[in-house]
Structure formats: C-alpha cells, structure tokens
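> need a structure here:
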Amino acid sequence: MNIENLIRGEITQSDLLNWYNATIVYDELPTPVRGYVFNHDGVNFIMINNNLSYYKKKKTILHELAHIEKNHLCQADNDLFAFYIDKYEDEADSYIKKVLNEIK
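Numbering: from 1, shown residues only. Here you go, the predicted structure:
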C-alpha cells in the first residue's frame, strides 16, 4: 500500500493513513508553513495549515505522506538532520512528481 495506490483510486486516504498509523491534524500554522509531519509514541501526525485552499491541503498531505513513505522521519533523530532538510524536502517533492508522471 502506497501513495501510488491512493492516487490511482485503488485505496482511500483513510486506508493509507491507517496503513502508516497516521492522523491528519488541521491547525493554524504560521503563513509560510503548509505542513509538517512528526512521530510521537508510534503515531505519525501530519499537521496541515488550515488556512490553505482545498487543493493546497491535498498537495501538502501527499508531500507529508511522501516523507513517511521515504522513511524521512527515521532521520529526525540524526544530529545531522538539519543539514539535509532541503534534500528531504526535494526528495519528497520529486517522489510525488514521479508517481504522478507514472500514472499519466
């Protein structure tokens, strides 16, 4: 089960969230922040800025799911994580683009 299955409509967003033991929380975040993901006690929390448009929320959810799927959360404990944030952001974006292109 992965993001590709979700985009193809083979599973629901709820199915994928359950698979990744994840939940989405909508909250007021600072304007430049669209969202982020973190793990607490084995649960992946996807935080989404509730001031975003519907489509930006969906895109941000896919991006945060990509972080989970690419195991980026495991890197958060690494002392050097801060030096690679841009790398992980780019990797998540590239992954989503790749999946979307494969489906077309």
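
> so who does the spatially most central residue of the chain touch?
Central residue of the chain (C-alpha atoms, centre = their mean): residue 64, 1.0 Å from the mean position. Residues near residue 64 by C-beta atoms under 8 Å, 6 or more residues apart in numbering: 35, 36, 37, 46, 48, 92. Placement of C-beta: from N, CA and C, glycine included.

> Could you do residue 70 as well?
88, 91, 92, 95.

> what's the last one sitting at in phi/psi?
This points to residue 95. phi -60, psi -50 (degrees, to the nearest 10).

> now the first one
Comment: the main-chain dihedrals of residue 88 come out as phi -70, psi -40, following degrees, to the nearest 10.

> Without its sequence neighbours, what residue ends up closest to residue 88?
Closest residue to residue 88 apart from its sequence neighbours, by C-beta to C-beta, 6 or more residues apart in numbering: residue 72 at 4.7 Å.

> Near the one you found, how many residues? Count them for me, please.
With neighbours defined by other C-beta atoms under 10 Å, the count for residue 72 comes to 20.

> Touching the lowest-mean-pLDDT helix or strand in the chain from outside, list them.
Every helix and strand of the chain was ranked by mean pLDDT, DSSP states H and E. The lowest is helix 85-103, at a mean of 86. The contact list for helix 85-103 (C-beta under 8 Å, 6+ apart) reads 3-4, 7-8, 59, 62-64, 66-67, 69-70, 72, 75.
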